[in-house]
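In: what shape does this take:
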Amino acid sequence: MAAMRTRSKTQQRTAAPDEPEKEAPAFRKPGFRETFVLRAQTATLMMLTFMAIVWAGHFYVWLLIVALQTLSFRELLVVRYREYKASVESSMPLFRTLQWGWFLCAMFYVYSDFIHQFALEHDSASVLLPLSRYWEAASFAGYCAVFTTSVWTLGVDSVKYQVGQLSWTIVTLCIVVGQMKFVAHNIFEGLFWFFFPVWLVINNDCWAYLWGVLLGKRFVKKPFFRLSPKKTWEGFLGAAVSTVIVAYHTAPLFAKSRWLACPATKLTLAWHEPLDCAVGDAFVVRETLPVAFGFSFSNAAPIQLHAVCFGLFASVVAPFGGFLASAIKRAYEIKDFDSLIPGHGGITDRVDCEFIMALFVYVYHKTFIKAPGGWQQLATAAGRLPPDEQRLLLDALGG
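Out: Numbers count the residues shown, from 1 in each chain. Modelled structure (predicted):
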């Protein structure tokens, strides 16, 4: 009887009409307020982390840049790699390895050059000279290995894709590594030359958003950049004026910090090691600072005039790094390069304008600010010569 009751209940459950399936809850896109709060929280965390690294010292800022370059390179490669991942991994097992080989060769070349130059100019790093003198030979050997292997692994059926991806890898290296070739020089010349340009680019981005919201398309209906319809002429021009004003007034404030103004004299992992140096001529306030055509500023430092040039570049040229990033994302139909930073996307989404800005700072500083090397550099180089060669140098100089 119990078995019959069990079968009867089972039949009743089987015969019962199917219950309607519950619909999956619809995806709700975060509102403006939620997005703004998330972005603000993440931006605050990034700012505090960045300030802590700057406080730690030049070497740690350098490590931060290397990490950001590595992540940005990865993001840019994944843009083209994602849709072909399955076929690439099965038919070209060394392809991803070779892409990273190109990256490592480029990074080794760039930073070995810096280490060698730093060792030549600073006695504290002269112990590296016996090894750093071979940096060009080591870089070329690595290049030859990666180059020949890349050509050797080209396949008959996949050569078109491989050549296209190789070309993209080289373009990515130009963006991520080539434009940042001298960033270590900027950092160790004084954190001011790294921190201040970053400050200006961030300011320009914020001002462009603010002016775009307030006045966007009020006077000029046509978008500033066709591939980014939200970019407006009002935002671009308003940000340029605002950034130049901020640059002029904040440059002397940052220049007062010895920690930012003084160059590093050694490569060290010591945290916040005290720095002391003579104030550079660019940071000295003048009672009268002549500009041009009889026009002059009162109680101003030359760095303020240089800061105006920095602000103009950060406003007029650097944003095109962001426009290029927008074009790449539109070409591959993605919103962000990654989701690593909540509310902001990937690393490339945050540093796209910083690459060319770093290159500009080096060129400008070397051309218009840094004094040409004088007898101090010659004396430093002569002091590293063996005693017999020092005597020969004295004889040649008539000493």
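In: dihedrals phi and psi, Phe225?
Out: Its backbone dihedrals place Phe225 at phi -130, psi 120, with angles given as degrees, to the nearest 10.
In: not counting sequence-adjacent ones, nearest residue to it?
Out: In space, not counting the residues next to it along the chain, Phe225 is nearest to Lys231; the distance is 4.5 Å by Cβ to Cβ, 6 or more residues apart in numbering. All C-beta spots, glycine's among them, are computed from the backbone N, C-alpha and C.
In: ok, now how distant is that neighbour from Asp205?
Out: Between Lys231 and Asp205 the distance, using Cβ to Cβ, to the nearest Å, works out to 11 Å.
In: what does Arg33 give?
Out: To Asp205, Arg33 is 21 Å away according to Cβ to Cβ.
In: among these two, which residue is more densely surrounded?
Out: Between Arg33 and Asp205, counted using other Cβ atoms under 10 Å, the more crowded position is Asp205 (18 against 8).
In: in contact with that one, which residues?
Out: With contacts defined as Cβ atoms under 8 Å, 6 or more residues apart in numbering, the neighbours of Asp205 are 239, 322, 353.
In: Pro229 too?
Out: The neighbourhood of Pro229, defined by Cβ under 8 Å, 6+ apart, consists of Pro223.
In: give me the distance between it and Lys222.
Out: In this structure, Pro229 and Lys222 are separated by 10 Å, where distance is defined by Cβ to Cβ.
In: ok, Ala371 next?
Out: The spacing between Ala371 and Lys222, counted by Cβ to Cβ, is 46 Å.
In: just the residues contacting stretch 67-79, thanks.
Out: When contacts are defined by Cβ under 8 Å, 6+ apart, stretch 67-79 is touched by residues 99, 103, 107, 168-169, 172-173, 175-177, 180, 328-329, 332, 334, 337-338, 340, 346-348, 351.
In: those residues, buried ones only, as a ChimeraX selection?
Out: Once 16 or more other Cβ atoms under 10 Å is used to decide burial, the buried members of these can be selected in ChimeraX as follows:
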select :99,103,107,168,169,172,173,175,176,177,180,328,329,337,338,340,346,347,348,351
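In: dump stretch 185-192 to PDB, restricted to CA.
Out: Extracted as PDB, the C-alpha positions of stretch 185-192 are listed here (Å, rounded to 0.1, in the frame of the first residue of the first chain):
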ATOM      1  CA  HIS A 185      65.800  60.600 -17.000                       C
ATOM      2  CA  ASN A 186      62.900  62.900 -16.100                       C
ATOM      3  CA  ILE A 187      62.300  61.100 -12.800                       C
ATOM      4  CA  PHE A 188      65.900  61.000 -11.600                       C
ATOM      5  CA  GLU A 189      66.500  64.600 -12.800                       C
ATOM      6  CA  GLY A 190      64.000  65.600 -10.200                       C
ATOM      7  CA  LEU A 191      60.500  64.300  -9.400                       C
ATOM      8  CA  PHE A 192      59.100  67.700 -10.300                       C
END
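In: which residues are in contact with that stretch?
Out: Everything outside stretch 185-192 that qualifies as a contact, by Cβ under 8 Å, 6+ apart, is 54, 58, 61-62, 65, 114, 117-118, 193-194, 197, 254-255, 257, 259-264, 280, 358, 361-362, 365, 370.
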